[in-house]
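Enquirer: only geometry, no sequence info:
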């Protein structure tokens, strides 16, 4: 009898072993990283929760991947749900309630691309249901959601990829390798930014569009009348559902900042910031921001709306990276071939492919859940510092503010019943 397990046998056994362990790959090499059609028993079966916007983009990307089979989609907006189902084919089921999708034993893994306020609850339910998870950033709505999510993923031994896909880009990795290898000298400052948030949003209450389950859309968030900008792309500018520009884009560039400083599994010890907020319209998240974080080694991360990308400044030069952009001073830094004694960071074959590979190998992917939590925590800290208007001391080990109970009350928001962590 062959000693090779089928995909389903392997994933089932891996789920039972426990949290935090890596397992040697026992999947034939032909199934890893290739695009030929693999046997049905070796395909990874997927369900998609949230298929408008980014979710629809992920769906289309995976539709062309011969290593996977898409069995179900879920969305609280019927037009999104039907369109996604039609793109996949008749074998694909469609659900309004994510719990029905998670109840299916034939689904190995899920892609979650809902509004931010749903990420943690759905991801925890997916882990409990034994599914591996790809979840869009920003990973949490509050700092306090992070540790319960990490604990659930570890407890159930799930492979979790966060959608901070810049980590899978060679330029971002190389910039961080230069910094961590000491090629710019002693690092003292990192500058990040991603433009300002918008002002506006139609405040007029209206009826929800036909086919939208508005109550389910709100879920654990406070009850609010429907306004057209609360639904679709603009949900990002309502604090009921998101942290605004600071979490939406900060989960990209501040993530890279922490990767380059080596604090991706920890965080700063001090934060202070100022900002402005909309004075008209329905949006209520930050417009402008100027935040300074201090890390245990004294490095400053300065996040401002008039900067873009991530710029690392050291005693011997700087390197600045953004999407499609990599510059340095002196320019010769970009000609460095890193040697065996330099820092070589995780090299991803692509964010989706890395997740699929890790589902098979049971290794942690390039943006594991702990990294995603730590990256969005930095963004939440900035929002809280701006709201409170004073310097805050942060304990990254305890994940609490030091001697400041008013600030600690911002760590978690109550969920609307019947939802809970």
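Expert: Looks like it arrived, so ask away. Just so it is clear, the structure is predicted and the values come from calculations on it, not from any experiment.

Enquirer: how far does stretch 204-211 stretch from one end to the other?
Expert: 20 Å (C-alpha to C-alpha, to the nearest Å).

Enquirer: can you check stretch 71-83 too?
Expert: End-to-end span of stretch 71-83 (C-alpha to C-alpha): 15 Å.

Enquirer: check stretch 358-378 too.
Expert: This stretch, stretch 358-378, spans 26 Å end to end (C-alpha to C-alpha).

Enquirer: start the count at 18 instead of 1 going forward.
Expert: Noted, 18 is the first residue going forward, which turns the last one into stretch 375-395.

Enquirer: how far off centre is that stretch?
Expert: 9 Å (C-alpha atoms, centre = their mean, to the nearest Å).

Enquirer: with stretch 237-252 instead?
Expert: Worked out by C-alpha atoms, centre = their mean, stretch 237-252 lies 21 Å from the chain centre.

Enquirer: next one: stretch 294-307
Expert: 23 Å.

Enquirer: could you do stretch 429-438 as well?
Expert: Counting by C-alpha atoms, centre = their mean, stretch 429-438 comes out at 21 Å from the chain centroid.

Enquirer: list the contacts of residue 307.
Expert: Residues near residue 307 by C-beta atoms under 8 Å, 6 or more residues apart in numbering: 290, 291, 292, 319, 320, 321, 322. The way it works is simple: take the backbone N, C-alpha and C, and place the C-beta from them, glycine included.

Enquirer: so it, which of the three states?
Expert: Using DSSP: H, G, I helix; E, B strand; the rest coil, the structure places residue 307 in strand.

Enquirer: buried residues in stretch 407-415?
Expert: Going by neighbour count (16 or more other C-beta atoms under 10 Å), the buried part of stretch 407-415 is 409, 411, 413.

Enquirer: hmm, residue 153 is touching residue 135, no?
Expert: No. Assessed by C-beta atoms under 8 Å, residue 153 is found out of contact with residue 135, at 10.2 Å.

Enquirer: joint contacts of those two?
Expert: 67, 129.

Enquirer: that older thread, what's the closest of the buried residues of stretch 407-415 to residue 116?
Expert: Using C-beta to C-beta, the shortest approach to residue 116 within the buried residues of stretch 407-415 belongs to residue 413, at 33.8 Å.

Enquirer: list the contacts of the closest one.
Expert: Counting by C-beta under 8 Å, 6+ apart, residue 413 touches 283, 284, 285, 286, 391.

Enquirer: mind running it again at 10 Å?
Expert: Contact partners of residue 413, counting by C-beta atoms under 10 Å, 6 or more residues apart in numbering, are 280, 282, 283, 284, 285, 286, 312, 313, 391, 394, 395, 398.

Enquirer: how near is the fifth one to residue 396?
Expert: This means residue 285. According to C-beta to C-beta, to the nearest Å, residue 285 stands 12 Å off from residue 396.

Enquirer: so for these two, which sits in the more crowded spot?
Expert: Neighbour tally, residue 285 and residue 396, criterion other C-beta atoms under 10 Å: the higher count belongs to residue 396, 28 against 24.

Enquirer: following element in sequence after the helix or strand hosting the more buried one, please.
Expert: Assigned by DSSP states H and E, residue 396 falls within helix 386-405. Reading on from helix 386-405 to the C-terminus, the next helix or strand found by DSSP H and E is strand 409-412.

Enquirer: direction included, what does the helix or strand following that next one pair against?
Expert: Downstream of strand 409-412, the next assigned helix or strand under DSSP H and E is strand 417-418. When pairs are called by DSSP bridges, strand 417-418 turns out to pair with strand 409-412 (antiparallel).

Enquirer: just the mean pLDDT for the strand it pairs with, thanks.
Expert: Averaging pLDDT along strand 409-412 gives 98.

Enquirer: who's in contact with that strand?
Expert: Under the criterion C-beta under 10 Å, 6+ apart, residues 160, 284-290, 310-311, 394-395, 398, 401-402, 417-421, 423-425, 427 lie in contact with strand 409-412.

Enquirer: how about the strands in the stretch 18-167 of the chain?
Expert: Under the criterion DSSP state E, counting those that start in this stretch, strands of the stretch 18-167 of the chain are mapped to 61-66, 85-91, 110-112, 126-129, 149-152.

Enquirer: quick revisit: for the buried residues of stretch 407-415, which one is nearest residue 193?
Expert: Among these, and counting by C-beta to C-beta, the member closest to residue 193 is residue 413, at 19.3 Å.

Enquirer: re the thing from before, just put the buried residues of stretch 407-415 in CSV and tack on distance to residue 81.
Expert: Below are the buried residues of stretch 407-415 laid out as CSV (distance: C-beta to C-beta, whole Å):
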residue, distance to residue 81
409, 46
411, 43
413, 40
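
Enquirer: hang on, the earlier thing: what's the ChimeraX syntax to select whichever of the contacts of residue 307 are buried?
Expert: Burial among these is assessed by 16+ other C-beta under 10 Å; the matching ChimeraX selection reads:
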select :290,292,319,320,321,322
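
Enquirer: reformat the contacts of residue 413 as CSV; add pLDDT.
Expert: Shown next, in CSV, are these (pLDDT from 0 to 100):
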residue, pLDDT
280, 97
282, 97
283, 97
284, 97
285, 98
286, 98
312, 98
313, 97
391, 98
394, 98
395, 98
398, 98
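
Enquirer: what subset of those residues is buried?
Expert: 280, 284, 285, 286, 312, 391, 394, 395, 398.

Enquirer: ok, the last one - contacts?
Expert: When contacts are counted by C-beta under 10 Å, 6+ apart, residue 398 touches 160, 263, 271, 284-285, 287-290, 308, 310, 409, 411, 413, 418, 424, 427.
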